[in-house]
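**Q** here is my input, please return the structure:
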Amino acid sequence: MRSLFVVFLLLVGSAAWCKCSLIAYSVSGRVLDATGRPVSGVELAVEWSQLGKIERVATSTSSDGTYNLTIPFYPSTGVYLKDRGDICTAVLSEFHATAIRGAAKKDRTVQITGEVTSVDWVFN
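**A** Have a look, this model is predicted:
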């Protein structure tokens, strides 16, 4: 009976923690060379902070120079109130983006304007 109670407590506790719904931000764009031609194989990564921890997702461009990344974000502030669960008011306002082509590396901080953000890059 004691082990059954512990399992029940863990399930109830984890359900309370998952109260905040996942928000998925989409980051997409294109990488071109100086002449305007698409560049494939460029490594792209975005990083953001969530509850004090740095999260990261990465991909590389396709043959037409395009890419698409998804940022999974839980809007919990990390504050837990008895009988209310997590407070789901945190927002993601910016992320750090990096593009690497061979030895060339470009970085920028991008402001999020909505659920879809476009970031284009040009390499010389």
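**Q** contacts, neighbours, all on C-alpha from now
**A** Noted.
**Q** let me see the ranges of the helices in the protein.
**A** 2-17 (DSSP state H).
**Q** point to the helix or strand of it where mean pLDDT is at its lowest.
**A** helix 2-17 (a mean of 40; mean pLDDT, DSSP states H and E).
**Q** and the strands in this structure, which stretches?
**A** Here the chain has its strands, by DSSP state E, at 23-33, 43-50, 53-60, 66-73, 80-81, 85-86, 94-101, 104-111, 116-118, 121-123.
**Q** tabulate those strands (TSV), appending mean neighbour count and mean pLDDT.
**A** Formatted as TSV, those follow (neighbours: other Cα atoms under 10 Å; pLDDT from 0 to 100):
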stretch	mean neighbour count	mean pLDDT
strand 23-33	17	93
strand 43-50	18	93
strand 53-60	14	94
strand 66-73	19	93
strand 80-81	12	82
strand 85-86	18	78
strand 94-101	17	94
strand 104-111	13	93
strand 116-118	14	84
strand 121-123	16	91
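**Q** find the nearest non-adjacent residue to the residue nearest the centre of the chain, please.
**A** A centroid search over the chain (Cα atoms, centre = their mean) returns residue 71, at 2.4 Å, as the residue closest to the centre. In space, and not counting its chain neighbours, residue 71 is closest to residue 25: 5.0 Å by Cα to Cα, 6 or more residues apart in numbering.
**Q** then residue 22?
**A** In space, residue 22 is closest to residue 74, 4.8 Å off (Cα to Cα, 6+ apart).
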